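[1] With the sequence up front, the predicted model follows.
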Protein chains: 2
Amino acid sequence: MSITIKDIAREANVSFSTVSKALNDSPLVKEPTKQMILALAKEMGYEINTSAKILATGKSNAVGIYCPSITKPAYAAACLEISHQLKLRGFLPALSTSSFNDAKELFSRLKVACIIILDQQDFYFTNVDFTYNPYTENNETKERFYALKKDAAIKAASLLTHSGHHSVLTVSEYEEDWLSEVIKKEALFDKVHHCYVNTNDLERLFTAIKKALDQTLPDAIMCSSRKLAELTLMISKSLGLNIPVECSIIAYEENIEPGSPISLFGYSAEKSAVKTADYITAKINEQEFDYVNNKPEIMLNYTVKL
Amino acid sequence: MSITIKDIAREANVSFSTVSKALNDSPLVKEPTKQMILALAKEMGYEINTSAKILATGKSNAVGIYCPSITKPAYAAACLEISHQLKLRGFLPALSTSSFNDAKELFSRLKVACIIILDQQDFYFTNVDFTYNPYTENNETKERFYALKKDAAIKAASLLTHSGHHSVLTVSEYEEDWLSEVIKKEALFDKVHHCYVNTNDLERLFTAIKKALDQTLPDAIMCSSRKLAELTLMISKSLGLNIPVECSIIAYEENIEPGSPISLFGYSAEKSAVKTADYITAKINEQEFDYVNNKPEIMLNYTVKL
DNA sequence: CTGTTAGCGCATTCAC
DNA sequence: GTGAATGCGCTAACAG
């Protein structure tokens, strides 16, 4: 068995409850005593038994993160950033990426204070104070999320038109053509073309984009996802298109993190994570949280000509 | 507070230790009593307090999985399969994909019985009975792992040559050219060309592959990873190469799962997971485990002409 | 077969 | 300030 507070108490010649207080930085113990105990605990290699602590207090500082689609880079970025922000606030993040049932069991075992769901879909956990899904805002309408994407797209489109881009080709997946819709509605470009593709069928994707580029000769391409943009970039190059001299490429991404080879528009992974972590902290401490939308951001690199 | 075994005991008019036994399916309690208690527990919505159980037994059925590179599809496949196999054996898999320190804390909190490391690199955890890394076999030499990859490559190459392929182009990343080495050594093909690329620089990757294809006109392409193969496939198509009529494409993947658009050679994710889970089970129960290598497998689809 | 008891490691009263 | 006592929910002897 490992070192317990009783072991420390014996060594320190104090009672184990004094050790408990010292370890929890209680004001009820004299500073020198506290320091002595802390030093001794470190020296003896004491590690708290979390099960015992949870049992005794009925509380846990663990926060569950449920992210079934972690293989998508945007979600992975969100997971990492949120974990980081939670740690900074003294929580222990516990990630589950597997089935809903596994997640439930893991979280219940850790007695998580709340669960953050990172997915377009909501999941209903029981036996937890509350869940939070930044992508659905738990009960708010889908429109709200669409509005955020739309804001980002408009900002990116404006930047492109103001820097001399006139014709655009939007590339999005069949199922979600929000980008085309936004660009069409806003009518910021002189010429707009849309191209719908399927990333599971690279052959048809290639043909579709080639055809679209041949027909329209756009000076800008906006993609609804980073993966789409990477493929589009390569296809453009294979067709001899000079990026970004002849044509700029930019893509939407949910959680922007530095290091992308493609210019992106969307929301900063870090800022979104800060907001999520702040929200969680406020709610757990039963404090007010005034909800402000994050502003869309644009991360430019060599794929866009200004 | 939630329902405890005492609550159930009161309702059932038995002692709480009887309830405990019934819940743990002990033979020390009569079948009717057991059924009655089980039914009652279900009806009352009882959920075990794992902290209390861990505290009382000093044991936990949680197994840690540390997979820092889960964004790579092969590792993701391994995680899912291993989690599944562990569950089948009564363990609770807990995944950590974040920093080493976070993982340590999470696993220590769950008092995991052991930790499975899914990474090319080893990590040294303390306070755990044992760790297991199927990719390094913990202390065995790198050569062992290389040998497995080599076996798979030879099997795939033989299949290609026996079905009429004579010239091959291998495509691998600069850092790991094991595939080129194997193909060179084995000399199964009449003509062999190598192409080294970098997936972070799509522009140069495109140029390099185009150049290689122009020069060599192979009737088979073997890639050292699925990502490389997907890109190569698209580039081939963009160059007007008819896949698989003029040229077959196949790629190595660590953990093969059904559903890939590219033909693959490597090891079955499921079989590898079974082996890992069996090993863990044996070791935890302090039983013998006779170590047998998995056999390489090949998953063919339309990208290979037979 | 069932009940009684002790104790896992810790936080938290309440005395001193 | 510090220590002694109690209990969190559960398992595991042991007693009946």
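    Cool, the structure landed.
[2] switch to C-alpha atoms for all contacts and neighbour counts from now on
    Fine.
[3] could you pull out the strands for the stretch 201-306 of chain A?
    A:220-223, A:248-256, A:263-268, A:297-299 (DSSP state E, counting those that start in this stretch).
[4] Please identify the most buried of these.
    With neighbours defined by mean count of other CA atoms under 10 Å in any protein chain shown, none of those is more surrounded on average than strand A:220-223, at a mean of 28.
[5] Low-confidence ranges, chain A, go.
    Within chain A, the segments meeting pLDDT under 70 span A:1, A:137-142.
[6] and it, what are its domains?
    Using automatic domain parsing, the domain parsing of chain A gives A:5-47, A:62-137, A:141-268.
[7] With chain B as the reference, name the closest of those domains.
    Proximity to chain B (CA to the nearest CA) singles out domain A:62-137 among those, at 4.9 Å.
[8] which ones are touching the closest residue to A:Glu230 other than its chain neighbours?
    Closest residue in space to A:Glu230, ignoring its immediate chain neighbours: A:Ile262 at 7.1 Å, by CA to CA, 6 or more residues apart in numbering or on different chains. Neighbouring residues of A:Ile262 by CA atoms under 8 Å, 6 or more residues apart in numbering or on different chains: A:Arg226, A:Ala229, A:Glu230, A:Ile249, A:Ile250, A:Ala251, A:Leu300, A:Asn301, A:Tyr302, A:Thr303.
[9] any idea what A:Gly64 is structurally, helix, strand or coil?
    The three-state label given to A:Gly64 by DSSP: H, G, I helix; E, B strand; the rest coil is strand.
[10] residues in chain A within reach of DNA strand D, list them.
    Applying CA under 7 Å from any atom of the strand, one finds that chain A approaches DNA strand D through A:13-18, A:28-30, A:33-34, A:52, A:55-58.
[11] Out of those, which are close to chain B?
    Near chain B, judged by CA under 8 Å from any CA of the partner chain, the entries from those are A:Ala52, A:Leu55.
[12] Of the residues of chain A next to DNA strand D, which is the most crowded?
    Among those, the one with the most neighbours (other CA atoms under 10 Å in any protein chain shown) is A:Lys34, at 21 neighbours.
[13] Okay, and that residue sits in which element?
    Under the criterion of DSSP states H and E, A:Lys34 resides in helix A:31-44.
[14] Tell me how far that helix lies from the chain's centre.
    Put simply, helix A:31-44 sits 39 Å off its chain's centre (CA atoms, centre = their mean, to the nearest Å).
[15] Which positions in chain A make contact with DNA strand C?
    Within chain A, the residues that sit near DNA strand C (CA under 7 Å from any atom of the strand) are A:1-6, A:17-18, A:20-21, A:23-24, A:47-50, A:52-53, A:55-57.
[16] mind putting the domains of chain A in TSV, distance to A:Asn285 included?
    Listed next are the domains of chain A as TSV, based on distance: least, CA to CA, whole Å:
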stretch	distance to A:Asn285
domain A:5-47	18
domain A:62-137	11
domain A:141-268	26
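[17] Out of these, flag the one nearest B:Asp102.
    B:Asp102 lies closest, by CA to CA, to one member of those: domain A:62-137, at 7.9 Å.
[18] And chain B, is that closest one touching that?
    Yes. Applying CA under 8 Å from any CA, one finds domain A:62-137 touching chain B at A:70-73, A:76, A:80, A:83, A:92-98, A:102, A:106, A:109-110.
[19] For stretch A:180-197, list the C-alpha coordinates in CSV.
    Only the C-alpha atoms of stretch A:180-197 are listed here, as CSV (Å, rounded to 0.1, in the frame of the first residue of the first chain):
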residue,chain,number,x,y,z
SER,A,180,-22.8,28.1,-50.6
GLU,A,181,-26.0,29.4,-49.1
VAL,A,182,-24.2,32.2,-47.2
ILE,A,183,-22.1,33.3,-50.1
LYS,A,184,-25.1,33.2,-52.4
LYS,A,185,-27.3,35.3,-50.0
GLU,A,186,-24.6,37.9,-49.2
ALA,A,187,-23.7,38.4,-52.9
LEU,A,188,-20.4,40.0,-52.1
PHE,A,189,-18.6,38.6,-55.1
ASP,A,190,-19.3,39.4,-58.8
LYS,A,191,-19.3,35.8,-59.8
VAL,A,192,-20.2,32.8,-57.6
HIS,A,193,-20.0,29.2,-58.4
HIS,A,194,-20.7,26.2,-56.2
CYS,A,195,-19.2,22.7,-56.3
TYR,A,196,-20.6,19.9,-54.2
VAL,A,197,-18.3,17.0,-53.5
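[20] And that stretch, what's buried?
    Using 16 or more other CA atoms under 10 Å in any protein chain shown as the test for burial, stretch A:180-197 gives A:Ser180, A:Val182, A:Ile183, A:Lys184, A:Leu188, A:Phe189, A:Val192, A:His193, A:His194, A:Cys195, A:Tyr196, A:Val197.
[21] Relative to DNA strand D, how far out is the third one?
    Using CA to the nearest atom of the strand, to the nearest Å, we find A:Ile183 at a distance of 56 Å from DNA strand D.
[22] Over to the first one?
    Taken as CA to the nearest atom of the strand, the spacing of A:Ser180 relative to DNA strand D amounts to 54 Å.
[23] need the residues of the stretch 151-300 of chain A near chain B, please.
    Counting by CA under 8 Å from any CA, the residues of the stretch 151-300 of chain A near chain B are A:Asn200, A:Asp201, A:Leu202, A:Glu203, A:Phe206, A:Met234, A:Ile235, A:Lys237, A:Ser238, A:Leu239, A:Pro261.
[24] Pick out the most distant pair among the buried residues of stretch A:180-197.
    Greatest spatial distance among these (CA to CA): A:Leu188 and A:Val197, at 23.1 Å.
[25] List the contacts of the closest residue to DNA strand C within chain A.
    Chain A approaches DNA strand C most closely through A:Thr4 (3.4 Å), counting by CA to the nearest atom of the strand. A:Thr4 makes contacts with A:Tyr46, A:Glu47, A:Ile48, as judged by CA under 8 Å, 6+ apart.
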